[in-house]
Each structure stands twice: as structure tokens, then as C-alpha cells.
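Engineer: Let me see the structure of the following:
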Amino acid sequence: MRLLTTIVASLALAGLVARGSAQDQSFREEPDSVAVRQGETVTLTCAIDNVAGIVQWTKDNFALGSDRELPGYPRFTITGDVNRGEYNLVVQDTLLEDDGTYQCQASPTETQQGIRSQNAQLTIYLPPDDPVIEEGSSVSVIAGQPKNVTCRADNGKPAATLTWWKDGQEITEGVTYITEDAGEKRKNGVSILTLNPSVDDHGKVLTCRSNNPAMDANKETTTQLNVEHTPVVVVQSNPPLVEEGSSVSLSCESRANPGEVRSSSGSRNDVNYQWKKDGVVLAGENGQVLRLNNVRREDNLQVFTCDATNAVGTNSANITLSVQYGPEPLKTTEQVIVDRGTSATLVCQWSGNPSPTIMWTKKGSSSVLGTGDTLTFPIVDQSHSGAYECTAVVPGSGEDSREVVLVVNGPPIISSFEVQYASSGAEGQIECLSSNSPPPSRMAWTWNGIMLDTGTEGRFTAEQRDVHGGRLSVLTVSKVQAADFADYNCTVWNRLGLTSKIITLRQKEPLPLAAIVGGAVAGLVLILVIVLLVFVFCHRRRKKQGASNESITRLEVRDGQETPPKEKVEIIHRDHEAAKDKVPPPPPQRKYYITADYDDRDYSSKTSLGAPPPWTPPGGTYQDYKNGNLYSNPYNNYSSYPAVSEHSYERASIASRASRASEAQKKPRMMTHV
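Structural biologist: Numbers count the residues shown, from 1 in each chain. Here you go, the predicted model:
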């Protein structure tokens, strides 16, 4: 009956509205849409000016009635001041069934049309069920393989919003959100997270959080990631840098899942190991530690590999062995030959660990000319010729060096004395040494209009031979005559030019008589010193063998007068009578006279008398101070020097005696026993 009355009223109101509406009946306030949580109270407002018809509320186009108490709807009430046209709808303790579209209406009259308010949507919020991760509290995944994890919160109105978090960081990528109809205006919220797990995700916590307007706070659930992966392998060397000849341990540290498995019976390692050297399996080496003994430099830079295998798969790690050792030459150019005016590069390569520091010096000098494997001269001349040393240094492992010879080709260099000597009537030789590179193509002697390369011309014979340091041309003169003491021109050719040098042959002087006498006196003095030493030794020995007689020995050295005793020796004998026979007789009286002092003879005047240069042992070499080159001694074949003339020696002797007489007053006397 109530339903029929409502329908009739609604149809009548609709018909009246269709025919027209009163001008004075209008809404002063219309209801607005509102959303509330289930159980809350909500008020929909409605105020009409000049109300003429019957005022009622509808829900989803179904009339609730015009009575303010709204019979049949105990939680619904129309409130407000009727005189002011207020018809507010109050819904207490809202339920999901109250959710719908509401409208305030005024029925028509004979003079006015009915009116309807705007639709007001009443939304009732319901909290969802607690969120759930379908995979459970632990999710097993394999590193590198995608895996879907699902979280859902059912029966919410509206559907719950779901978010994913990992270790406090929100995940926004790889998330798919859907809703499902749960009936009675409820919805299920579903979020699917597509994981691409890595090894580092193992043990991390995934969190699913849900929320909707009916909730005061978020709700969440968690799951822990169990990321199974092949072993993560790290190989380490102890010590990192291995000294040659020592030992080293290579350890294979792995992080794997599954790895060590524990049970009631104990634990086991589910990771298996295998070592390789330069890709070749080392038989029997399947532990976590590989021990290498007596490591050699040949082992440097060798690659050792550790394979670690578990149920998921195999992974590997490499280490390159670093062996510390001293410098070792790799490549050295022992000799570099270039022409003058060109560039020259000396090469000296070394290996070592750590890499050696290479320094270049010229032999005989400590000045560093450069560093590195090469030493380059942009433009060279003959002063660059010589031996160079490249020294490699490895800190803590020592140093080594190699020699590189730089030969700069240029015009010939003649390394011979400008004055050479021969004895009259004997065989004489004049030497010309070419010590430069390239070797000479020709060597010739010219004198008195004669030119001779090799062969014999009268009493002159020219010969050439290779010697250490160059090529030697020797001009031999048989039965040297006075006219042969002259100038001789030595000319040398090579592909870069020619060089000439005048060599003067002079007569060799005999050894001065003063030198002979001085040598004899020196020998005599040496003999006397030896005799004196023997005497002192025997005298001291007799004193040690003496018995108990006390005696005083006085040594007197007389120079026409008695001198005070210089030494007093007391010998105490226990048996005086027996000691008498053992006391040696006193030594005979000795007299000493001042002799000539030969130790300061001034021989400097020899040079002014034309003496030859100092003699060197056979096979020795001379230094040419003009160009720094070495050449052999041209006097090796001579047994003696030419004699000084009698007149020259007499002048030297007089000067020497005068000088010695002056110096004798200043120096201590030398005593000679006679």
C-alpha cells in the first residue's frame, strides 16, 4: 500500500512538472554528494522557498516518503525548520545499503509545478580485508630470472590501493594493479610485482601496503626474498705481491645460495671448487686454497681460475699472479753505427716487477742523460761516440745494467804522438794509428818527395794491420841515419774524408848516469834497512831469553862526541853467575858519517834536456789529450833510452849538487855506517 501511494505521488508530481512549475516555489539549498565511512551519520541538506507542494526524498528514484519520521526507515529522519522550508535528510549509522543517489522533491499544486533538486550521491566506504602476499612469508627466486609476486586486499569499497616496498624504498617499476568485483558494491584490489632479482636481493624484505578511504592507517604484510644464485667468487692472493722464490696462497672465497647447509647431523658445503692454471685444470686441486711454493719469475702474469659450483650453476673468478723480481734484459742494441750529422737511437728494454726504472749514462760519468727504453740523439757528431750504460732499477729487487756502444762515422782521426824516437844506427819505427769509424780505405806515408802505402822503398818499409781501437800503419826505418830524423806525413782516407798528421822522428837519448847512480844508492839503502830490522828482531829475542842478571845496555851513536843514552833496558836475573855466560858481548863501536841525500833529486831538468816521454809496460796504451782516443805505445820495442851527452849530464850534476847542498842544511841527516 505504501509503495502504491509513493508511485502515484511520483507520477502525479512528474505530470505536474511536465505541465509547468510555480514561479515562487524554488530551492534555496540543494543537497551535495557526500562520502562517509560505514557507521557514520550523514546529513543531506534541502531548503525550499515558497513551498506549495508536498516535500519528499527519493533514493535511486524510489520515494522514501514525506513524513518527517519516514516510517519504515528507522535510521532516516527529515529535520529542519518547516517555517523556513528546511527538509534536511539525516541518515544515522550508515550501512552499505545506504549507498545510492538521493534527491529532494516538492510536488506540484494547482497553480505551481513540482520541483526536483540535483542528484546527491551518498557513498559508503568499507575497509578492505588485510593484505595478503599469495606466495607466503618467504619467496624463493633465482637470480636473473623474472618472478611474479602477488599481493591482494579483498572486499574493500572502494578497492584498496596497494603499493610495494623493498627495504624502505618504494618499487614503482614492474607493478601491475587490477580490481576484481567482490559483489555488493565491494571490490578486491590486486597488485602483481614482476621481480628481476639480483644476488644482492637475497634476504631482503618485500612489503605490500594497502589503503582505502575507510581506513585510518595503512595495513601491510611482508615476505622475505630467498634468492638462489650461482656462487659469487672472489680470488685473493696472500701476499698480493710475491717475492721470487717465496710461497703464496690463493684463496677462493664464494658467496652462494644454496651454500652451506645445516642440519641436525651437522653441516655440509654444497659448493664444489676446481682450480685451473691458464685454462688448464689442475688435477687434485679442488679446495678453497691453492698453495704455490718456490714461485719463479716465469710464473708472473699467469692466470689462475677458481670454478665454484652449487645446485644453481657454476661461476668463476680469475687472478693474475704478480711475482716481484729484479730487472731482466729483454732487448739491447749492443752497438749502433751512424754517420755524423744524423740521428741515433739506443735501445735497452728490461722486464721486471714492478716495472723497472731505466736510466741512461755515459760510461765514466754519473750524469743521467735520459730515462726509458730508448735514448735518442737528434743530431750526432763524433763527440757522441763511446759506451753508454742503461741501468734498470727495481725497488727492493736490485739493479742491473747493460752497455751500448755508439759509433759515429766521420773523417779519420789519427791518434799518434807528434814526436817519436829512434836510436841512430838501429832500426826505428814510426807509428800512425787511425782510430775512427768507418775504417780507413787508404793509409800513406810521405817524406822527402816519397809516398808509400805499403811495401818497401830503400831502407823504408810500410806495413798496416788491424789493432784494438783502429788500424795501425808502421813505417820501419832500417839502420837509422842522421838524415832520417825528420818530419813524416801520415795521411788517412775513408769514405767521409781524409786527415793528415805530421810526425817528427827524433834521436833517442841514453839513460842519464845520475839516474843509474841514484838507483844503485836506493838499492843499497834498502839492503841496510833490511839488515837493521833483522838486528833489532834478534836483539829483542835475546832479551826475552835472559835469566836474572840485571844489566843496563846503552846504545851510543857517536858523531865525534858521546850522546846521552836513548834507551835503558833492565834485565833481572835470578842466577847471577849463570847469567854471566849468557850476556852477549858489547857491539863494536860504530861511526856514522853524513852522506849525500839522494831522496830529493830534482829530475825536472830532464825534460828541458829533451828526454823522451815516460815509458809504459809492453802492451800499454797512451791517451791523446787532444781528442781523448787511446793508442798503443810506440816504444814497446825499445830496451833502453838514448844516452844523454856528457856535457849535458855534467851541467845537470852541478845543478843537482848545488841544490842538494842548500837543502842539506834544512833536512835531518842520513847516517850511513862504514
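Engineer: Give me the below-cutoff pLDDT ranges for the stretch 401-550 of the chain.
Structural biologist: The stretch 401-550 of the chain contains residues with pLDDT under 70 at 510-516, 544-550.
Engineer: which of the residues in the longest strand seen in the chain are buried?
Structural biologist: Taking DSSP state E as the criterion, the chain has its longest strand at strand 219-238. Residues 219-221, 223, 225-233, 235, 237 are the ones in strand 219-238 that count as buried (16 or more other Cβ atoms under 10 Å). For glycine as for every other residue, the C-beta is placed from the backbone atoms N, C-alpha and C.
Engineer: same for it, what does it pack against?
Structural biologist: strand 132-133, strand 138-142, strand 147-156, strand 205-211, strand 248-257, strand 303-309, strand 314-320 (3 or more Cβ pairs under 8 Å, 6 or more residues apart in numbering; DSSP states H and E).
Engineer: Report the buried residues of the second one.
Structural biologist: I take that to be strand 138-142. For strand 138-142, a neighbour-count test (16+ other Cβ under 10 Å) marks Val139, Val141, Ile142 as buried.
Engineer: Same check on the third one?
Structural biologist: By 16+ other Cβ under 10 Å, the buried positions in strand 147-156 come out as Lys147, Val149, Cys151, Arg152, Ala153, Asp154, Asn155, Gly156.
Engineer: Please apply the same query to the fourth one.
Structural biologist: Of the residues in strand 205-211, those with enough neighbours to count as buried (16+ other Cβ under 10 Å) are Leu206, Thr207, Cys208, Arg209, Ser210, Asn211.
Engineer: Export those to a markdown table and append columns for pLDDT and distance to Phe417.
Structural biologist: Formatted as a markdown table, the buried residues of strand 205-211 follow (pLDDT from 0 to 100; distance: Cβ to Cβ, whole Å):
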| residue | pLDDT | distance to Phe417 |
| --- | --- | --- |
| Leu206 | 96 | 101 |
| Thr207 | 96 | 103 |
| Cys208 | 96 | 107 |
| Arg209 | 96 | 108 |
| Ser210 | 97 | 113 |
| Asn211 | 96 | 113 |
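Engineer: returning to that earlier point: Throw the helices and strands packed on strand 219-238 into TSV and include distance to Asn448, thanks.
Structural biologist: Shown next, in TSV, are the helices and strands packed on strand 219-238 (distance: least, Cβ to Cβ, whole Å):
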stretch	distance to Asn448
strand 132-133	123
strand 138-142	108
strand 147-156	113
strand 205-211	115
strand 248-257	81
strand 303-309	80
strand 314-320	79
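Engineer: Would you tell me which one of the buried residues of strand 205-211 comes nearest to Val338?
Structural biologist: Nearest to Val338, judged by Cβ to Cβ, of those is Leu206 at 76.3 Å.
Engineer: ok, that closest one touching Thr163?
Structural biologist: No. Using Cβ atoms under 8 Å, Leu206 is not in contact with Thr163; the gap is 11.3 Å.
Engineer: quick revisit: what angle do strand 205-211 and the longest strand of the chain make with each other?
Structural biologist: 160 degrees (axes from the mean of the first three to the mean of the last three Cα atoms, to 10 degrees).
Engineer: Could you give the average pLDDT over strand 219-238?
Structural biologist: With pLDDT averaged residue by residue, strand 219-238 scores 93.
Engineer: and the next helix or strand after it, what does it pack onto?
Structural biologist: The C-terminal neighbour of strand 219-238 among helices and strands, as given by DSSP states H and E, is strand 242-243. Here strand 242-243 touches strand 323-332, going by 3+ Cβ pairs under 8 Å, 6+ apart.
Engineer: got the CA coordinates for the strand it packs on in CSV?
Structural biologist: This file holds the C-alpha atoms of strand 323-332, laid out as CSV (Å, rounded to 0.1, in the frame of the first residue of the first chain):
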residue,chain,number,x,y,z
VAL,A,323,105.8,-12.1,-8.8
GLN,A,324,108.3,-9.5,-7.8
TYR,A,325,111.7,-9.9,-9.4
GLY,A,326,114.7,-7.9,-10.3
PRO,A,327,115.5,-6.4,-13.8
GLU,A,328,116.0,-8.8,-16.6
PRO,A,329,117.2,-7.6,-20.1
LEU,A,330,114.8,-8.2,-23.0
LYS,A,331,116.4,-6.4,-25.9
THR,A,332,119.6,-4.4,-26.2
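Engineer: in the following helix or strand past it, what's buried?
Structural biologist: As assigned by DSSP H and E, the chain's next helix or strand after strand 323-332 is strand 335-339. Going by neighbour count (16+ other Cβ under 10 Å), the buried part of strand 335-339 is Val336, Val338.
Engineer: same question, stretch 173-186
Structural biologist: By neighbour count with 16+ other Cβ under 10 Å, stretch 173-186 contains the buried residues Ala182, Arg186.
Engineer: Which residues outside that stretch are in contact with it?
Structural biologist: Residues from elsewhere that reach stretch 173-186 (Cβ atoms under 8 Å, 6 or more residues apart in numbering): 96, 99, 126, 154-157, 159, 161-162, 164, 187-196.
Engineer: ok, the helix or strand harbouring Thr77: who's next to it in the sheet?
Structural biologist: Under the criterion DSSP H and E, the helix or strand holding Thr77 is strand 76-79. With DSSP bridges as the test, strand 76-79 is paired with strand 88-91 (antiparallel).
Engineer: Show residues contacting the strand holding Thr77.
Structural biologist: With Cβ under 8 Å, 6+ apart as the test, strand 76-79 has contacts from 43, 55, 57, 64, 67-70, 86-92.
Engineer: Please narrow those to those residing in strands.
Structural biologist: Applying DSSP E to these, the entries found in strands are Thr43, Val55, Trp57, Leu64, Asn88, Leu89, Val90, Val91.
Engineer: Could I get the full set of helices for the stretch 401-550 of the chain?
Structural biologist: Assigned by DSSP state H, counting those that start in this stretch, the stretch 401-550 of the chain shows helices spanning 513-545.
Engineer: where does the protein dip in pLDDT?
Structural biologist: By pLDDT under 70, the low-scoring segments of the chain are 1-23, 260-269, 510-516, 544-674.
Engineer: Can you name the residues bridging to Glu86?
Structural biologist: With DSSP bridges as the criterion, Glu86 is bridged to Ala47.
Engineer: Next one: it from Cys104, what distance?
Structural biologist: From Glu86 across to Cys104, the span is 11 Å (Cβ to Cβ, to the nearest Å).
Engineer: before we move on, what about Thr176?
Structural biologist: Remark: distance between Thr176 and Cys104 (Cβ to Cβ) = 43 Å.
Engineer: now swap in Thr41 and tell me
Structural biologist: Thr41 sits 18 Å away from Cys104, going by Cβ to Cβ.
Engineer: who's more crowded, these two?
Structural biologist: Between Thr41 and Cys104, counted using other Cβ atoms under 10 Å, Cys104 has the larger neighbour count: 26 against 11.
Engineer: Now the more buried one: closest residue in space that isn't a chain neighbour?
Structural biologist: Excluding the flanking residues, the one nearest Cys104 by Cβ to Cβ, 6 or more residues apart in numbering is Cys46, at 3.4 Å.
Engineer: what's the burial count for that neighbour?
Structural biologist: Cys46: 26 neighbours (other Cβ under 10 Å).
Engineer: same question, Arg495
Structural biologist: Using other Cβ under 10 Å, Arg495 has 11 neighbouring residues.
Engineer: Surely it is in contact with Arg442?
Structural biologist: No. Here Arg495 does not reach Arg442: they are 10.8 Å apart, not a contact under Cβ under 8 Å.
Engineer: how about the strands in the stretch 401-550 of the chain?
Structural biologist: Listed in chain order, the strands of the stretch 401-550 of the chain (DSSP state E, counting those that start in this stretch) span 419-422, 428-434, 442-447, 450-452, 455-457, 460-467, 470-477, 487-494, 497-507.
Engineer: Just put the ones you listed in a markdown table and tack on mean neighbour count.
Structural biologist: As requested, the strands of the stretch 401-550 of the chain are exported to a markdown table (neighbours: other Cβ atoms under 10 Å):
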| stretch | mean neighbour count |
| --- | --- |
| strand 419-422 | 20 |
| strand 428-434 | 25 |
| strand 442-447 | 18 |
| strand 450-452 | 13 |
| strand 455-457 | 11 |
| strand 460-467 | 14 |
| strand 470-477 | 20 |
| strand 487-494 | 20 |
| strand 497-507 | 15 |
